[in-house]
Each structure stands twice: as structure tokens, then as C-alpha cells.
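Peer 1: no sequence on this one, just coordinates:
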């Protein structure tokens, strides 16, 4: 006879044993067959109960594992949130420093502009004068060139002796009467 797993199982076995004892004296073969069937059914029920307990234990272990994973995930989330807050604080501090730096840089720029504006104007004036002189020189050279071209053209108009033809490669000579 298998060892009982719980109080209910032990009571069931006691009932079966009592029944067997009381029936053994007056039992027939049919009664023993019925008792054997009941024993088989009880074994099946016990086996199903053991399977259910194993599944329950597996489920509990799975739930414990998932609970642990959830706790780890929550602690990681909390850690990440703290890091995000820390980074946001650093960003805010850097923005304040940047604004202070920009403000002081702008102030230095304005001051340097006031101090250096005279010098900058003098330098700009010198550069403009140089550009103007170069431009005037180029314009003068261009005017001289154009004047020479006009002189040549007038000379050709006064004495059109060797004027090339548009349609031929030979030169025509024009005579004035």
C-alpha cells in the first residue's frame, strides 16, 4: 500500500482498509473487484493530485522568477530615471553657464568694439583707399586704351585705305576723289 500524501488520502485509505476488513469475512469476488476498482480510481486521483501539485509548484517558481525579474526591471527603471534627472540638472547648469558666457562675451565684444572701432575704421578706410586707387588706375588704363582705340578708328575713317572686306579675304582699296 502506498504511503499517504495528505490527511485526506490517509482517511481514504483507512476507509478502504476498514471496508476491506469488514468485507473480507462476508465478501464475494464481485465485492473484491469493486474494491480493486475503487483502489485504482484512488490511485488515479492521487496521481492527478501529484501532477496538479507539481504544476502548482512550477507555476509558483515561475511567478517567483518573474517577480524577481520585475523587481530588477523596476530598480533599473528607477536608476535610469535618476540618471535622467541628473543629466537634466547638468544640462540646465550648462545652459546657465552658456548664457553667462555669452552675456560676458557679448559685453567684451561691445567693449572691444568701442575701443577698436576707431582702429577698425582707420584700417577699413585705408583698405577702401587702396581699392579706390586700384580702381582708378584700372579705369585710367581702360580710358587710355579706349582713347587709343577711338584714335585708331578716327584715323581709319579719315584714311580708309586698307579696310578688309567682310566677304572676302582680299583687301580692297578705296580711293577718295
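Peer 2: That came in fine, so what should we check first? In this text the structure is predicted, and so the values were computed from the model without any measurement. Residues are numbered from 1 along each chain as shown.
Peer 1: what packs against the host helix or strand of residue 46?
Peer 2: Using DSSP states H and E, the element containing residue 46 is helix 29-158. The contact analysis (3 or more CB pairs under 8 Å, 6 or more residues apart in numbering; DSSP states H and E) places helix 29-158 against helix 7-26. C-beta here means a position set from N, CA and C on the backbone, and glycine is covered the same way.
Peer 1: the closest residue to residue 42 other than its chain neighbours: neighbour count?
Peer 2: In space, residue 42 comes closest to residue 12 once its chain neighbours are excluded; the distance is 6.1 Å by CB to CB, 6 or more residues apart in numbering. Per other CB atoms under 10 Å, the neighbour tally for residue 12 reads 16.
Peer 1: now residue 46
Peer 2: Residues near residue 46, counting by other CB under 10 Å: 17.
Peer 1: ok, it touching residue 9?
Peer 2: Yes - judged on CB atoms under 8 Å, residue 46 makes contact with residue 9 at a distance of 6.4 Å.
Peer 1: okay, residue 104 and residue 47: tell me how far apart.
Peer 2: 85 Å (CB to CB, to the nearest Å).
Peer 1: check the residue nearest the centre of the chain and give its pLDDT.
Peer 2: Among the residues of the chain, the one closest to the centroid is residue 84, at 15.8 Å (CA atoms, centre = their mean). At residue 84, the pLDDT value in this model is 86.
Peer 1: shift numbering so it begins at 3
Peer 2: I'll keep to 3 as the first residue from here, and by that count the last item is residue 86.
Peer 1: I'd say residue 40 and residue 18 touch.
Peer 2: Yes - at 6.6 Å, residue 40 and residue 18 qualify as touching, with contact defined as CB under 8 Å.
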